[in-house]
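> Mind looking at a prediction? Sequence and model below.
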Amino acid sequence: MQLNIQRPILYSYFRSSCSWRVRIALALKGIAYDQVPVNLVKDGGQQFSAEFKAVNPMQQVPALKIDGITITQSLAIIQYLEDTRPNPRLLPQDPKKRAQVRMISDHIASGIQPLQNTSILNKMGERKVEWAQQCITSGFQAIEQILQHTAGRYCVGDEISMADLCLVPQVGNAERFGVNLAPYPTITRINKALLELEAFKVSHPSRQPDTPPELRS
Amino acid sequence: MSFSSQPILYSYFRSSCSWRVRIALALKGIAYDQVPVNLVKDGGQQFSAEFKAVNPMQQVPALKIDGITITQSLAIIQYLEDTRPNPRLLPQDPKKRAQVRMISDHIASGIQPLQNTSILNKMGERKVEWAQQCITSGFQAIEQILQHTAGRYCVGDEISMADLCLVPQVGNAERFGVNLAPYPTITRINKALLELEAFKVSHPSRQPDTPPELRS
């Protein structure tokens, strides 16, 4: 029996910060893949279709079909890529530094982003933007403090890590909601340095297959 | 200069995130001291200047160990796994590891943060209904995923980080009156895990800061 070796397939939305994290990882590790866009707004949200539910019962992006399995949850995907395609590394070898990378990543992926994702914001009605700003502000205050201890050129020392993959998309969200970033000089510096790298550019929301023409750069 | 000491865990008896770490410490046989942080009293002790110096994120759990302080329950658990690997809490096979992380993250990012104290306080009267909705929708997805991954426990037959996330989340579900009948796999696994010593000794009803009326 011949196995059909397919490229990985990423279910993604151009503007989803969680999807962007995974797009960066795939780009950094030089993994070619196909993208299936899932529009979180159109048709009541395409993530709620029966078809996509079969891909991911959690009804969220991103989801990655790779090596015969489907993985969801951006950090689970990224760490699977790390376990199976270890170069270049996205997690340091030192356990204490690994803990710092995971701590910063989780603070963003559990402590900030879920509180301001689409389904929560829809419950906030008119308070939507104010709510998103509060979540991000309070989260970024903590991160700015943590980075005083951990950051070098990037979030943890001088090597790009999973924490950086979480930071840049979250700054993207912050900008989208009009959060003033002046109080966070370390976050700003690191974000700027990362956005100069090809992997962060090619994965940018403005350059995806499903980016609307008016937002395309 | 001598370092004391056992690790120190900043914890709240009823915090499901703290419970995850208490289970890990118990499973790995790591003795530790506990400093309770009451999330309700005094406007929430996590907001004190003293605790902010421990954790700028102003949340529990936080673990002081090996000269560093780690926050975020899954970062703590994976540090324990990296440094005290026995017994293991993550499988060696990368695909199974991905499943463990996926289920753990679904709970730790996709359910719990949406129904934690600070969010519920914004929901006012809708608080309980909101918590029930978050948990129900999250558990529907987990029940489906477990059809593919579960053996005796969430992923195969070995206890993993996913199980450490599941039991405390079921605890939250019960606290908010969520009907668990639609989730037989979750229920079965939860029951099996609660029979184990590590899940008992770490239970919210048996902590230094458990109020007398809730103590078992």
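Perfect, I can see it now.
> For the biggest helix by length in chain A, buried residues please.
Counting residues, the longest helix found in chain A (DSSP state H) is helix A:128-150. Buried residues in helix A:128-150, counted by 16 or more other Cβ atoms under 10 Å in any protein chain shown: A:131-137, A:139-140, A:142-147, A:150. The C-beta positions use only the backbone N, C-alpha and C, and glycine is treated the same way.
> Show me the helices in chain A, by range?
Counting by DSSP H, the helices of chain A are A:17-28, A:50-55, A:74-84, A:95-111, A:118-124, A:128-150, A:162-176, A:185-195, A:198-202.
> circling back to that earlier point, which elements pack onto the longest helix of chain A?
In terms of contacts (3 or more Cβ pairs under 8 Å, 6 or more residues apart in numbering or on different chains; DSSP states H and E), helix A:128-150 is packed against helix A:95-111, helix A:118-124, helix A:162-176, helix A:185-195.
> Output those helices as a markdown table; include the columns mean neighbour count and distance to residue A:6.
Listed next are those as a markdown table, based on neighbours: other Cβ atoms under 10 Å in any protein chain shown; distance: least, Cβ to Cβ, whole Å:
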| stretch | mean neighbour count | distance to residue A:6 |
| --- | --- | --- |
| helix A:95-111 | 24 | 28 |
| helix A:118-124 | 15 | 30 |
| helix A:162-176 | 24 | 24 |
| helix A:185-195 | 16 | 30 |
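> Could you tell me the least trusted of those helices?
Here the lowest mean pLDDT among the helices and strands packed on helix A:128-150 goes to helix A:118-124, at a mean of 84.
> so what does that helix touch, helix or strand wise?
Helix A:118-124 packs on helix A:128-150, going by 3+ Cβ pairs under 8 Å, 6+ apart.
> what's next to the helix it packs on, contact-wise?
A:100, A:103-104, A:107-108, A:111-112, A:115-116, A:120-122, A:124, A:155-157, A:167, A:170, A:173-174, A:177-179, A:181, A:183-187, A:190, B:56-58, B:122 (Cβ atoms under 8 Å, 6 or more residues apart in numbering or on different chains).
> Near chain B, which residues of chain A are found?
A:57-60, A:67, A:69, A:71-73, A:75-77, A:79-80, A:83-84, A:95-96, A:98-100, A:102-103, A:105-107, A:109-111, A:113-115, A:120, A:123, A:131, A:139, A:141-142, A:145-146 (Cβ under 8 Å from any Cβ of the partner chain).
> pretty sure residue A:82 contacts residue A:88?
No - using Cβ atoms under 8 Å, residue A:82 makes no contact with residue A:88, being 9.9 Å away.
> Neighbour count: the two, which is higher?
residue A:82 (19 against 12; other Cβ atoms under 10 Å in any protein chain shown).
> What about the nearest residue to the more buried one once chain neighbours are set aside, how many residues nearby?
In space, and not counting its chain neighbours, residue A:82 is closest to residue A:90: 5.2 Å by Cβ to Cβ, 6 or more residues apart in numbering or on different chains. Residues lying near residue A:90 (other Cβ under 10 Å) number 24.
> if I pick residue A:90, what's in contact with it?
A:25, A:28, A:29, A:78, A:81, A:82, A:160, A:161, A:162, A:165.
> and what of residue A:206?
A:14, A:215, A:216, A:217.
> Find me the pLDDT at the second one, would you?
With respect to pLDDT, residue A:215 has a value of 94.
> who touches the lowest-mean-pLDDT helix or strand in chain A?
Every helix and strand of chain A was ranked by mean pLDDT, DSSP states H and E. The lowest is helix A:118-124, at a mean of 84. Residues outside helix A:118-124 that contact it (Cβ under 8 Å, 6+ apart) are A:40, A:41, A:45, A:114, A:128, A:131, A:132, B:114, B:130.
> Check stretch A:19-26 too.
Contacts of stretch A:19-26 (Cβ under 8 Å, 6+ apart): A:8, A:10, A:12-13, A:33, A:61-62, A:64, A:74-75, A:77-78, A:81, A:90, A:109, A:162, A:165-166, A:168-169, A:172, A:199-200, A:202-205, A:208.
> Same check on stretch A:66-82?
By Cβ under 8 Å, 6+ apart, stretch A:66-82 touches A:8-9, A:18-19, A:21-22, A:25-26, A:29, A:31, A:55-56, A:58, A:60, A:62-64, A:84, A:89-91, A:105-106, A:109, A:162, A:165-166, B:94-95, B:97-99, B:101-102, B:104-106, B:109-110.
> try 7 Å this time
A:8, A:18, A:21-22, A:25, A:29, A:31, A:55-56, A:58, A:60, A:62-64, A:89-91, A:105, A:109, A:162, A:165, B:94-95, B:98, B:101-102, B:105-106, B:109 (Cβ atoms under 7 Å, 6 or more residues apart in numbering or on different chains).
> So which bits of that stretch are buried?
A:66, A:70-82.
> Kindly report the same for stretch A:204-211.
Buried residues in stretch A:204-211 (16+ other Cβ under 10 Å): A:204, A:205, A:208, A:211.
> How far does that stretch stretch from one end to the other?
Using Cα to Cα, to the nearest Å, the end-to-end distance of stretch A:204-211 comes to 10 Å.
> just stretch A:152-172 next, same as before
Stretch A:152-172 end-to-end distance (Cα to Cα) = 21 Å.
> any idea how far that stretch is from the chain center?
Offset of stretch A:152-172 from its chain centre (Cα atoms, centre = their mean, to the nearest Å): 11 Å.
> now residue A:150: how far from chain B?
The gap separating residue A:150 from chain B is 10 Å, by Cβ to the nearest Cβ, to the nearest Å.
> Read off the pLDDT value for that residue.
For residue A:150, pLDDT reads 97.
> And residue A:90, by the same measure?
98.
> Now the least confident helix or strand of chain A - C-alpha only, PDB.
Output of helix A:118-124 as PDB, limited to C-alpha atoms (Å, rounded to 0.1, in the frame of the first residue of the first chain):
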ATOM      1  CA  THR A 118     -14.500  36.700  19.600                       C
ATOM      2  CA  SER A 119     -17.000  34.600  21.600                       C
ATOM      3  CA  ILE A 120     -16.300  36.500  24.800                       C
ATOM      4  CA  LEU A 121     -16.400  39.900  23.100                       C
ATOM      5  CA  ASN A 122     -19.800  39.100  21.600                       C
ATOM      6  CA  LYS A 123     -21.100  38.800  25.100                       C
ATOM      7  CA  MET A 124     -19.700  42.100  26.100                       C
END
